[in-house]
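Trainee: here you go, sequence then predicted model.
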Amino acid sequence: MSLEAARAIDEEALIAGCVRGDRESERALFRQEYPRVNATVFRLIGGSRDADDLVQETFIAVFRALPRFRGEAKLSTWIDRIAVRVVFAHIRQRHRVPVPSELFEIEAPVAGPDDRAHAREGLRRLYAVLARLKPEARLAFALYAIDGRSIAEVAELTDSTQVSAKLRIWRARREVEKRAANDPILRQFAGGE
């Protein structure tokens, strides 16, 4: 039996256990998927204080919808789609998500405190620009440029066509570039210098 076939059987057993209400299966699924969901939510909305709540909302929605999971996509992709919908609903409801700079953690290695502060400020300014965009463009851009998803994945996760996803990303990128033209910190952070 291949490793992939073994994982599929394990995933099916895990899903079946969750559907039955087995707490151990639910904990196992949560532990398995939490890091990726948390990272995705964080990248979509930045360092918002709402990120933890949105991750929790995502898992509540996952466990409620799991009995309807048909296996047409990978479980992780299906969960990502739910996370994107939860974040989308949040952004649409609030339209502008505040971006408190103290919540940003810089993952890339930086030389010193000044570089870290500069990177944090660039990130804060990027998310401030994204907060002004329409929710669809913001999500598409964040999934593509920040989360590193392909156009096809962005289209799948946002329930849109690839052409729509490309257009939304292009519009968002154009707005970021327009703002960066007048903002040296954002321009440097966004790779314009």
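Mentor: Happy to help now that I have it.
Trainee: return the residues in contact with Glu72.
Mentor: Residues near Glu72 by CB atoms under 8 Å, 6 or more residues apart in numbering: none. C-beta: built from backbone N, CA, C; applies to glycine.
Trainee: whoops, Glu175 was the one
Mentor: Val129, Arg132, Leu133, Ala137.
Trainee: let's go with 10 Å and repeat that
Mentor: Val129, Leu130, Arg132, Leu133, Lys134, Ala137, Arg138, Phe141 (CB atoms under 10 Å, 6 or more residues apart in numbering).
Trainee: any idea how far Glu136 is from the first one?
Mentor: Distance of Val129 to Glu136, computed by CB to CB, to the nearest Å: 16 Å.
Trainee: helix or strand with the lowest mean pLDDT in the protein?
Mentor: helix 3-20 (a mean of 74; mean pLDDT, DSSP states H and E).
Trainee: give me the three-state assignment for Arg70.
Mentor: coil (DSSP: H, G, I helix; E, B strand; the rest coil).
Trainee: residue closest to the middle of the chain?
Mentor: Thr40 (2.7 Å; CA atoms, centre = their mean).
Trainee: host element of that residue?
Mentor: helix 23-45 (DSSP states H and E).
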